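# this is the structure alone, sequence omitted:
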């Protein structure tokens, strides 16, 4: 029991010496004649330390909360960026597929235009052939009529002369 009391006394004495050493090592303010006001100020500063510690703890907790909030926002931003990249990749593949489909449709449209042009040319040739045939037949009948008329006219003239 005496050992416990003795060890507590030694700890208390060593703490006091350590405190005295620390205060002696710190720069001392200019000496003032009023010791009681210095002691009062020292006690006042010592009594204000728990409040400052509480403020530091609150500031630390606030900083930790802000850091956690920033981490959460960064995680959300990372997820949003990942989704955006995935959507961009999807849009890119869809765009490539649509460009290929557009190219194929352009080829089909070109083929249809060529077919239409060929069909119109074919119909124009048939039309020209039919019109030419009708014109030849009409010309044949007209020519035969003119020849008959000319021959009749000559034959009437020659009959008059006789």
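Yes, it's here. Nothing here was measured: the structure is a model prediction, and the numbers come from that model. Residues are numbered from 1 along each chain as shown.
# just name the shakiest helix or strand of the protein by mean pLDDT.
helix 2-25 (a mean of 75; mean pLDDT, DSSP states H and E).
# after it, which helix or strand is next?
Remark: after helix 2-25, the chain's next helix or strand is helix 35-161, criterion DSSP states H and E.
# what angle sits between that following helix and helix 2-25?
Here helix 35-161 runs at an angle of 70 degrees relative to helix 2-25 (axes from the mean of the first three to the mean of the last three Cα atoms, to 10 degrees).
# by contact count, what packs against helix 35-161?
Judged by 3 or more Cβ pairs under 8 Å, 6 or more residues apart in numbering; DSSP states H and E, helix 35-161 has no packing partners among the helices and strands. C-beta: built from backbone N, CA, C; applies to glycine.
# re the thing from before, buried ones in the least confident helix or strand of the chain?
By 16 or more other Cβ atoms under 10 Å, helix 2-25 has no buried positions at all.
# distance from that helix to the middle of the chain?
Its chain's C-alpha centre and that of helix 2-25 lie 69 Å apart, by Cα atoms, centre = their mean, to the nearest Å.
# likewise stretch 112-130?
On Cα atoms, centre = their mean, the centre of stretch 112-130 falls 51 Å from the chain's centre.
# also stretch 93-110?
Worked out by Cα atoms, centre = their mean, stretch 93-110 lies 23 Å from the chain centre.
# give me the contact list for that stretch.
Stretch 93-110 has contacts (Cβ atoms under 8 Å, 6 or more residues apart in numbering) with no other residue.
# give the buried residues for it.
Residues of stretch 93-110 classed as buried: none (neighbour count, 16+ other Cβ under 10 Å).
# mean confidence for that stretch?
In this model, stretch 93-110 has an average pLDDT of 95.
# what does stretch 124-141 give?
Confidence for stretch 124-141, expressed as mean pLDDT, is 96.
# same question for stretch 145-152.
91.
# buried ones in that stretch, by neighbour count?
Quick answer for stretch 145-152: no buried residues (16+ other Cβ under 10 Å).
# just how off-centre is it within its chain?
Chain-centre distance of stretch 145-152: 90 Å, with Cα atoms, centre = their mean.
# do stretch 144-159 as well
Distance, centroid of stretch 144-159 to centroid of chain: 94 Å (Cα atoms, centre = their mean).
# other residues contacting it?
Counting by Cβ under 8 Å, 6+ apart, no residue outside stretch 144-159 touches it.
# pLDDT score for residue 161?
Model confidence at residue 161, given as pLDDT, is 63.
# same thing with residue 58?
So, for residue 58, pLDDT stands at 86.
# that'll do, ta.
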